[in-house]
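Peer 1: Give me a model of this one.
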Amino acid sequence: MTFPNLSTALKIASFILAAWVLVHVFAIFGIFFVIAYPIFWLFSPQEISCLFASIKKQNEYCPLCRQAIDSQEDHYPKSFSSAILNSLVILTFVFISFVMVFIESKVLFKLGFPPTPKTASFIIPSKRQYRLGEIFPMEIEILGITTPINAVQADVAFNAEKIKVVDVSTKNSFANIFIQKEINNDIGYVRLTGGLPNPGFFSNRGIFGTIIFEAKNAGIAQVEFLPSSMVLANDGRGTNILKEFAKTSYLILSERVTKEERLKQENEVKKLFLSKTTSGAQLKFYDEKEVLGIQTSETKKEIEQEKNINIIKASFNLIEEADRFTLSLWAKIFSLPQ
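Peer 2: Residues are numbered from 1 along each chain as shown. Predicted structure coming up:
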């Protein structure tokens with residue numbers, strides 16, 4: 001099997017690049033050529049070439065001019081109707097170019113271009129201190145939602161020696177469908193997974209759920225969102241737009257909470273589960289499977305790999321931007337949907 005040499009490969013690459021540029025130039029400026037061609041012919045008919053006559057030889061018939069070519073210099077449109085026909089030929093190429101750009105943009109979209117920007121992040125309340133036996137909530141709040149989202153998976157790790165999870169509440173959640181709630185106080189892990197139908201949730205910030213902790217032993221209790229957490233955009237591709245994973249530390253004091261305070265806290269917790277939700281009816285399909293382990297090392301590697309410069313992705317992004325500019329220009333001119 002023989003392979004093309006470097007010179008041939010460069011020629012092929014140059015041809016493909018030139019064809020791509022020509023298609024996009026036609027898609028952007030072609031309509032102006034269509035309009036300008038007959039106008040220019042009216043002022044200087046012999047200074048403009050007929051598309052068919054320019055590739056014909058002497059004495060060959062030109063279908064646009066509807067006559068034979070007299071000489072090698074006889075390449076201009078012979079009548080206004082010929083100029084109009086030339087414009088229609090250009091319009092055909094413009095239409096084909098536009099269709100190719102449109103198809104190219106759809107293919108790139110399916111491949112993930114342009115990538116939906118990662119802007120969302122979980123918020124953990126600032127560092128606080130609690131007493132032994134004290135029950136306290138930690139809201140799973142998302143900030144920086146710049147595109148509608150329709151699914152969230154919140155994976156939280158905590159110091160199981162210092163604190164434990166009493167339960168997870170979905171009151172006041174923007175989501176109304178929950179498919180998974182896992183609590184494992186042996187290894188210090190809790191997961192809440194859910195979402196909502198189209199068009200999704202779109203606000204700068206929103207509460208997904210509330211984790212109810214109880215202080216067990218004095219010391220520093222660290223709480224953090226794991227890299228396996230996800231905030232999926234409602235962009236037709238399910239892009240994870242979560243950009244960072246918050247963490248904090250709680251100070252558990254050696255002093256124990258009083259019985260009266262404990263009873264008051266328990267009543268407050270009951271309200272989170274007995275009161276009606278603000279987002280309407282919720283569907284819950286909890287999968288109470290045992291947590292066998294949390295695979296975070298591979299996820300961390302993927303996050304680091306995303307930070308590396310990828311020439312291929314950068315090239316696709318440039319192509320997508322060119323397509324988006326072309327389609328938006330046509331949309332502005334003809335009020336077409338992008």
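
Peer 1: Tally up the residues packed near Ile183, please.
Peer 2: Counted with other Cβ atoms under 10 Å, residues neighbouring Ile183 total 16. In this view, the C-beta of every residue, glycine as well, is placed from N, C-alpha and C.

Peer 1: Check Pro197 too.
Peer 2: The number of residues packed near Pro197 is 9, by other Cβ under 10 Å.

Peer 1: Against Ala175, how distant is it?
Peer 2: 10 Å (Cβ to Cβ, to the nearest Å).

Peer 1: now Glu260
Peer 2: Taken as Cβ to Cβ, the span from Glu260 to Ala175 is 35 Å.

Peer 1: So between these two, which is more surrounded?
Peer 2: Set side by side, Glu260 and Ala175 show more neighbours around Ala175, with 25 against 8, by other Cβ under 10 Å.

Peer 1: Hmm, that one is touching Leu192, no?
Peer 2: No. Ala175 is beyond contact range of Leu192, at 9.1 Å (criterion: Cβ atoms under 8 Å).

Peer 1: Need the overlap of contacts for the two.
Peer 2: Listed contacts common to Ala175 and Leu192 are Val152, Phe208, Gly209; contacts here mean Cβ atoms under 8 Å, 6 or more residues apart in numbering.

Peer 1: buried subset of these?
Peer 2: Among the shared contacts of Ala175 and Leu192, those buried by neighbour count (16 or more other Cβ atoms under 10 Å) are Val152, Phe208, Gly209.

Peer 1: Domain map for this protein?
Peer 2: The record's domain parsing of the chain by automatic domain parsing lists 6-110, 120-307.

Peer 1: which one of those lies closest to Thr326?
Peer 2: Set against Thr326 and scored by Cβ to Cβ, those come closest in domain 6-110, at 4.9 Å.

Peer 1: now do the same end-to-end measure for that closest one.
Peer 2: 33 Å (Cα to Cα, to the nearest Å).

Peer 1: Determine the longest helix present in the chain.
Peer 2: helix 6-43 (DSSP state H).

Peer 1: what's the spacing between it and its chain's center?
Peer 2: 31 Å (Cα atoms, centre = their mean, to the nearest Å).

Peer 1: And that helix, what does it pack against?
Peer 2: helix 80-110, helix 311-334 (3 or more Cβ pairs under 8 Å, 6 or more residues apart in numbering; DSSP states H and E).

Peer 1: Now do the last one, average pLDDT.
Peer 2: For helix 311-334, mean pLDDT is 71.

Peer 1: Please report how far Gly195 lies from Gly133.
Peer 2: In terms of Cβ to Cβ, Gly195 sits 35 Å off from Gly133.

Peer 1: Which one of the two is surrounded by more residues?
Peer 2: Gly195 (21 against 17).

Peer 1: Would you reformat the helices and strands packed on helix 6-43 as TSV and include distance to Ala218 and mean neighbour count?
Peer 2: Formatted as TSV, these follow (distance: least, Cβ to Cβ, whole Å; neighbours: other Cβ atoms under 10 Å):
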stretch	distance to Ala218	mean neighbour count
helix 80-110	54	17
helix 311-334	49	14
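
Peer 1: For the spatially closest residue to Ala218 that is not a sequence neighbour, grab phi and psi.
Peer 2: With Cβ to Cβ, 6 or more residues apart in numbering as the criterion, Ala218 has its nearest non-adjacent residue at 4.2 Å, and that residue is Ser254. As for Ser254, its main-chain torsions (degrees, to the nearest 10) stand at phi -80, psi -20.

Peer 1: Extract the residue ranges of the chain that are flagged as low pLDDT.
Peer 2: Flagging of the chain using pLDDT under 70 yields the residue ranges 1-4, 71-74, 112, 114, 274-281, 285-317, 333-338.
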